[in-house]
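Student: have a look at this prediction, sequence included:
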Amino acid sequence: MQCSKCRRDAVIFQRYSGLHLCEHHFNRDFEAKAKRAIREHRWIESGDTVAVALSGGKDSSAVLFFLHRLLGERRDVRLMAITVDEGIRGYRDPNRARKIAETIGVPWVTASFADEYGITLDEIVSRKGTGLSCSYCGVLRRALMNRIAREHGVTKFAYGFNLDDEAQSVLMNALRGDADRLTRPMREVEGMVPRIKPFMYIPEREVALYAFLHVEGFDLAGCPYAGDALRGDVRGILDDYTYRHPATKYSLVNLGEALRGAERPEGEGLRICERCGEPCGKICRTCQVLDEVRKGG
Ligand code: SF4
């Protein structure tokens, strides 16, 4: 197939746009979408230090490459990468992330659950089973990332979440009847570093292609504890439906943004955990999780 914009060979077909694109026009289209997301949300400003949460997988590696291309020449914005080693044997290898950051040319720092909390995710799973592994992992990782951010003056965390991730989350919240998550405003919380998602308007397969075209050595394996059955079901439903109605994922993401932009009464303000001094909501979830997982059994 030829590119719809020139005579070169196409590397991808976009069902939602009806376009075949060569590598050159794919890159232009991809980066224009990511820049639009950043511009519309005013995600990066002069003086920012942006840290990519670099797992070493395709999404975060692609976002690091893209942001380096976008910001590499700017003197008023710093870019770095942070890798948190949760302690998952055979899956998380911080050296892979370090090599990717070094090859792209971005400063890299790492931290681990073992050093920070004295327990690895493997140990947590052996004590508590896999049922809540992602919940424990997410709470502890976020707290650790936030601490590193303060040490390095980070003002924004960049994540590689793509259109599929975002659309799945909106549909999952709807299926659970979770109005709170569907309508939680995108306001900043004092003490927590804001998250930015430059690829939120880009389908997963295009993020994968961008990673293959630009980054070497990223990890293709999945986490052995990734067992969210609802997300798996929703992914299947959405992929099937989107095959027949190609704009569906965009519709869901737009719906999610419209709902989160809606006004709603202010909830509890930010508090500081009495035990660890970290910012938190009503009570510090990190300290709760550490109590739970350290108890064992
Ligand atoms: Fe942690 Fe779950 Fe992600 Fe694995 S899939 S790294 S357990 S959040």
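Tutor: Alright, I've got the coordinates.

Student: all contacts plus neighbour counts: C-alpha atoms, from now on.
Tutor: Will do.

Student: and the helices in the stretch 101-250 of the chain, which stretches?
Tutor: For the stretch 101-250 of the chain, the helices defined by DSSP state H, counting those that start in this stretch occupy 113-117, 121-128, 133-152, 163-176, 179-183, 204-214, 229-244, 248-260.

Student: from the contact counts, what lies against the second one?
Tutor: Read it as helix 121-128. helix 133-152, helix 285-295 (3 or more Cα pairs under 8 Å, 6 or more residues apart in numbering; DSSP states H and E).

Student: now those in CSV, with mean neighbour count?
Tutor: Putting the helices and strands packed on helix 121-128 into CSV (neighbours: other Cα atoms under 10 Å) gives the following:
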stretch, mean neighbour count
helix 133-152, 17
helix 285-295, 15
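
Student: re the thing from before, among the helices of the stretch 101-250 of the chain, which comes closest to the ligand?
Tutor: Across these, the ligand has its closest neighbour in helix 133-152 (3.5 Å, Cα to the nearest ligand atom).

Student: near the ligand, which residues of this structure show up?
Tutor: For the chain, the residues in contact with the ligand (Cα under 6 Å from any ligand atom) are 133-134, 137-138, 223, 225-226.

Student: longest strand in this protein, please.
Tutor: strand 78-85 (DSSP state E).

Student: output that one as CSV, nothing but the C-alphas.
Tutor: Extracted in CSV, the C-alpha atoms of strand 78-85 (Å, rounded to 0.1, in the frame of the first residue of the first chain):
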residue,chain,number,x,y,z
ARG,A,78,14.5,20.0,32.1
LEU,A,79,13.8,16.3,31.3
MET,A,80,14.8,13.3,33.3
ALA,A,81,13.7,9.6,33.8
ILE,A,82,12.8,7.8,37.0
THR,A,83,12.6,4.0,37.3
VAL,A,84,11.1,2.4,40.4
ASP,A,85,12.1,-1.2,41.0
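
Student: next one: it to chain centre, how far?
Tutor: 13 Å (Cα atoms, centre = their mean, to the nearest Å).

Student: take the helices and strands packed on helix 121-128 and lay them out in JSON lines including mean pLDDT.
Tutor: Formatted as JSON lines, the helices and strands packed on helix 121-128 follow (pLDDT from 0 to 100):
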{"stretch": "helix 133-152", "mean pLDDT": "91"}
{"stretch": "helix 285-295", "mean pLDDT": "82"}
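
Student: for the ones you listed, which one sits closest to Gly236?
Tutor: helix 133-152 (20.3 Å; Cα to Cα).

Student: report all helices and strands that that closest one contacts.
Tutor: strand 78-85, helix 113-117, helix 121-128, helix 285-295.

Student: state the pLDDT value of Ala262.
Tutor: Note on Ala262: pLDDT of 52.

Student: wait, isn't Lys35 in contact with Lys197?
Tutor: No - judged on Cα atoms under 8 Å, Lys35 makes no contact with Lys197 at a distance of 10.7 Å.

Student: about what we covered before: how about the helices and strands packed on helix 133-152 in TSV, adding distance to Asp240?
Tutor: Shown next, in TSV, are the helices and strands packed on helix 133-152 (distance: least, Cα to Cα, whole Å):
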stretch	distance to Asp240
strand 78-85	34
helix 113-117	38
helix 121-128	33
helix 285-295	37
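
Student: closest to Arg92 out of those?
Tutor: By Cα to Cα (comparing all of these), the closest turns out to be strand 78-85, at 6.4 Å.

Student: pull the residues that contact the closest one.
Tutor: When contacts are defined by Cα atoms under 8 Å, 6 or more residues apart in numbering, strand 78-85 is touched by residues 47-55, 64, 67-68, 71-72, 92-94, 97, 101, 106-113, 141, 144-145.

Student: what about the stretch 101-250 of the chain, any weak spots by pLDDT?
Tutor: 186-190, 227-229 (pLDDT under 70).
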